[in-house]
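[1] Need a 3D model of the following:
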Amino acid sequence: MPGRANQAVQNDAISKVVELAPHTSEFKSHVCQVIASPAFKGSRRSQQFLQFVVENALDGHFGELKERNLGIKLFDRPPSYNTADDAIVRVTACDVRKRLLQYYAEIDKASEFRIELPLGSYIPEFQRVPVPLASVSPESAESVALHPIVEKPPETAPRKFAPIHLWYLATIVTVGAVVWLWTTHRVTAASSFPDRPLPWSALFQPNRHTHVIFCDPEIATIQKVAGSNLSVSDYANQNYWPNPLPPKPELQWMRQSGAFRGATVAAVDAAILLRISSLAIPAAARESEIHTARSMHLADFKTEDNFVVLGSPRSNPWVGLFQNQLDLSFEFDEAKQQEFIRNKRPGKDESPTYVPTAGGWDTGRAYSIIALVANPNQTGQVLLIAGSSAEATEAAGKLATNVALLSQTLKNHGINPSGPPRHFEILLQVSTLAGSFNAYDVIAFHVLPDKG
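    You can find the predicted model right below:
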């Protein structure tokens, strides 16, 4: 499918959006200049398209930037419309690309900003480029020198697709999110903290570290190809490969290639990170760290720190450290080679099991969990955001970072979002359609016993 082939292009675009987070407002102003230019004045449709994709990308709403979602929200197509037959989104994107080229070719003054819409993606790329000295007035020379400039290296060959790696994300968070949070919120840090509801008020606290742990998509692939299920014990002991290794050529190649080292980060995790970063107060943001699951060790959890763990047990086995506290937990059906959710304490109108009918890039029903639990034998708090597919995880991430909606959900079930930490879990049923989630519903909410 085209969506699968172009996932790496989207990963690359997402990483650049996160990198330039400190300049979000400047790019939003720039896009207004672009759509008001002669290059775009002839097409209202292209103007709306460009503004929509730019603003959603800068706000971290990457899930909105898929062909079907764009067709529904921009062009009033029904949710079930056939994207193969109706090319309205692709045609408009092509027109936007041409108009962007025309705009940057025609402007007679240097522009510090560039917006591109890569082929195979609806997530725009953003660049800050050097301004020629001849175009800089003496009055503005000082301000230009004070702003870091990100140059795009010349492309001498077609771009090679590559995943987002930890070293790059670490730079993004340090230079991007943390600087952005500090510069935009430092004046109101004291007053903004009480506005953060549970679970964020419990997770982001001054003088306490918070660790965001990305899932390990490579370990999920290994298990899928091998037909195995990795325990948290094996993962903690770094026994990532089945023993004995099944006689599958592709599995042999995967192990011998040395490529599956756990450095890859899922695009959905990067998007959730960007949304989380907007919720952290500056004092807590400076104490926040990100990790790949493979870089963690069991001893790392034996601290008083807080954790945000992304992914289900198949993609992030560390979730297994906390599942015994849950009523609603992921289990794996060996016969069907599929994750499902077990409800250990069904309430009224609840089912004892929830089985997804859609995997990744599929149409049907998926499930996800948001849970705030204790770190066993420690004082820290742990937030789990996990889905049976990437689309389901994306839905859970959106609810978890939607302050107003999450607060109302907590209130509806007897928890004061502004009060002291209370442990809870939320089960979402997610409707997915060809790689996107259309809607989600809260179908179960359990208040968990406090750690005694």
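
[2] ok, the most centrally placed residue in the chain - contacts?
    With distances taken as CA atoms, centre = their mean, the chain has A271 as the residue nearest its mean C-alpha position (2.3 Å). Each residue near A271 by CB atoms under 8 Å, 6 or more residues apart in numbering is listed here: 14, 60, 62-63, 394, 397. Every C-beta, even on glycine, is put in place using the N, C-alpha and C of the backbone.

[3] Convert the C-alpha atoms of the helix or strand it falls within to CSV, please.
    Assessed by DSSP states H and E, A271 sits inside helix 267-277. Presented in CSV, the C-alpha positions along helix 267-277 are these (Å, rounded to 0.1, in the frame of the first residue of the first chain):
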residue,chain,number,x,y,z
ALA,A,267,5.9,8.0,14.4
VAL,A,268,2.9,7.9,16.6
ASP,A,269,5.1,8.1,19.7
ALA,A,270,6.9,11.2,18.3
ALA,A,271,3.5,12.8,17.8
ILE,A,272,2.4,12.0,21.4
LEU,A,273,5.7,13.3,22.7
LEU,A,274,5.0,16.7,21.1
ARG,A,275,1.6,16.9,22.7
ILE,A,276,2.9,15.9,26.1
SER,A,277,5.7,18.5,25.9
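
[4] which parts of the helix or strand that Q102 is a member of are buried?
    Using DSSP H and E, Q102 sits in helix 88-106. Buried residues in helix 88-106, counted by 16 or more other CB atoms under 10 Å: 88-89, 92-93, 95-97, 99-100, 103-104.

[5] which sections of the chain are below the confidence cut-off?
    1-22, 108-110, 129-195, 280-287, 434-435, 451-452 (pLDDT under 70).

[6] Show me it divided up by domain.
    2-153, 166-447 (automatic domain parsing).

[7] Could you single out the most deeply buried of those domains?
    domain 166-447 (a mean of 18; mean count of other CB atoms under 10 Å).

[8] quick one: that domain to chain centroid distance?
    Once both centres are worked out by CA atoms, centre = their mean, to the nearest Å, domain 166-447 turns out to sit 10 Å from its chain's centre.

[9] so what's I341 closest to, chain neighbours aside?
    Y354 (4.2 Å; CB to CB, 6 or more residues apart in numbering).

[10] pretty sure that neighbour contacts P346?
    No: using CB atoms under 8 Å, Y354 makes no contact with P346, being 10.4 Å away.

[11] Show me the contact partners of stretch 336-355.
    Residues external to stretch 336-355 that are found in contact with it (CB under 8 Å, 6+ apart): 224, 227, 312-314, 326-333, 356, 359, 367, 369, 388, 427, 429, 443-444, 446.

[12] In helices only, show me these.
    Among the contacts of stretch 336-355, the residues falling in helices (DSSP state H) are K224.

[13] Would you reformat the buried residues of helix 88-106 as CSV and include distance to T264?
    Converted to CSV, the buried residues of helix 88-106 look like this (distance: CB to CB, whole Å):
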residue, distance to T264
I88, 33
V89, 28
T92, 32
A93, 27
D95, 34
V96, 30
R97, 28
R99, 35
L100, 30
Y103, 35
Y104, 33
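
[14] Which of these sits closest to N438?
    In terms of CB to CB, no member of those lies closer to N438 than V89, at 15.9 Å.

[15] Enumerate every residue touching that closest one.
    67, 70-71, 74-75, 83, 122.

[16] go again using 6 Å as the cut-off
    Counting by CB atoms under 6 Å, 6 or more residues apart in numbering, V89 touches 67, 70-71.

[17] could you dump the residues you listed to a markdown table with distance to G262 and secondary structure?
    Output for the contacts of V89, formatted as a markdown table (distance: CB to CB, whole Å; DSSP: H, G, I helix; E, B strand; the rest coil):
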| residue | distance to G262 | secondary structure |
| --- | --- | --- |
| E67 | 31 | helix |
| L70 | 33 | helix |
| G71 | 36 | helix |
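
[18] list the contacts for L427?
    328, 369, 443-444.

[19] Could you point out which of those residues is nearest to E289?
    Nearest to E289 among the contacts of L427, counting by CB to CB, is I369 at 23.6 Å.

[20] out of everything not next to it in sequence, what's closest to the closest one?
    A386 (5.1 Å).

[21] now for whichever strand or helix holds that neighbour, which elements pack on it?
    In the assignment (DSSP H and E), A386 maps to strand 381-387. Secondary-structure packing of strand 381-387 (3 or more CB pairs under 6 Å, 6 or more residues apart in numbering; DSSP states H and E): helix 200-203, strand 306-310, strand 364-374, helix 390-400.

[22] mind putting these in JSON lines, distance to P420 included?
    Shown next, in JSON lines, are the helices and strands packed on strand 381-387 (distance: least, CB to CB, whole Å):
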{"stretch": "helix 200-203", "distance to P420": "8"}
{"stretch": "strand 306-310", "distance to P420": "15"}
{"stretch": "strand 364-374", "distance to P420": "12"}
{"stretch": "helix 390-400", "distance to P420": "19"}
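
[23] Quick check: which of these is nearest to P417?
    Nearest of those (CB to CB): helix 200-203, 8.1 Å.

[24] And the contacts of the closest one?
    210, 279, 306, 381, 383, 421.

[25] The residue nearest to I369 reaches S312, doesn't it?
    Yes: contact between A386 and S312 holds when scored by CB atoms under 6 Å: they sit 4.3 Å apart.

[26] ok, now how distant is N438 from G63?
    Counting by CB to CB, to the nearest Å, the separation of N438 from G63 is 11 Å.

[27] what do you get for S278?
    Distance from S278 to G63, by CB to CB: 16 Å.

[28] got it, and P206?
    32 Å.

[29] repeat for P449
    34 Å.

[30] again with S80
    19 Å.

[31] R44 now?
    Distance from R44 to G63, by CB to CB: 25 Å.

[32] Over to I276?
    15 Å.

[33] now do A293
    22 Å.
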